[in-house]
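Asker: Sequence and predicted model, in that order:
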Amino acid sequence: MVDIGTFTKAGSMYIKADEVKKYPTIVFVITQEPVLVESEFEGKKQPKLHCEGEFNKEARQMDMSKTNARIIEKILGTDTKKWIGASLELTTYQTMSSKGKLIDAILVKGVRM
């Protein structure tokens, strides 16, 4: 038997900018080695760094932009195996989408081991 409760529950496994904006401090803990994946946003394919971890003691996922990956890389280095266990403090900022629309995005504002 497969328990699909987590799969079918309301909401998403992915952390969204709207969710981050609700809290003064958001901490996401990386629990597995991040991997590169191809993601599509607004019809455009682009590589993202897929991270699995915990937020509020729940298993969650986050696909990072190059900007966020560079912030973590500067502190923890290029070996993503060494990122496991890192706590990422998240915030949001506004950026322009490829369609010229102002959108909220997630920014890693702090990294701790």
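Answerer: Received it, and whenever you're ready, just let me know what you need.
Asker: name the helices or strands packed onto the strand or helix carrying Ser39?
Answerer: Per DSSP states H and E: Ser39 is located in strand 35-41. The elements that strand 35-41 packs onto, with contact taken as 3 or more C-beta pairs under 8 Å, 6 or more residues apart in numbering; DSSP states H and E, are strand 44-55. Backbone N, C-alpha and C define where each C-beta goes, glycine included.
Asker: angle of the strand it packs on against strand 35-41?
Answerer: Interaxial angle, strand 44-55 versus strand 35-41 (axes from the mean of the first three to the mean of the last three C-alpha atoms, to 10 degrees): 120 degrees.
Asker: any idea of the angle the helix or strand following strand 44-55 forms with strand 35-41?
Answerer: Following strand 44-55 in sequence order, the next helix or strand is strand 58-64 (DSSP H and E). On the basis of the same axes, to 10 degrees, strand 58-64 is oriented at 70 degrees to strand 35-41.
Asker: Could you list the buried residues of strand 58-64?
Answerer: Buried residues in strand 58-64, defined by neighbour count with 16 or more other C-beta atoms under 10 Å: 60, 62-64.
Asker: With just CA atoms, put the next helix or strand after it into PDB.
Answerer: The helix or strand immediately downstream of strand 58-64 is helix 66-76, counting by DSSP H and E. The C-alpha trace of helix 66-76 is given here as PDB (Å, rounded to 0.1, in the frame of the first residue of the first chain):
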ATOM      1  CA  LYS A  66      21.300  31.200  -9.800                       C
ATOM      2  CA  THR A  67      21.300  34.200  -7.500                       C
ATOM      3  CA  ASN A  68      20.300  32.100  -4.500                       C
ATOM      4  CA  ALA A  69      22.700  29.300  -5.500                       C
ATOM      5  CA  ARG A  70      25.600  31.900  -5.700                       C
ATOM      6  CA  ILE A  71      24.800  33.200  -2.200                       C
ATOM      7  CA  ILE A  72      25.000  29.700  -0.700                       C
ATOM      8  CA  GLU A  73      28.100  28.800  -2.800                       C
ATOM      9  CA  LYS A  74      30.000  31.800  -1.500                       C
ATOM     10  CA  ILE A  75      29.500  30.700   2.100                       C
ATOM     11  CA  LEU A  76      29.500  26.900   1.800                       C
END
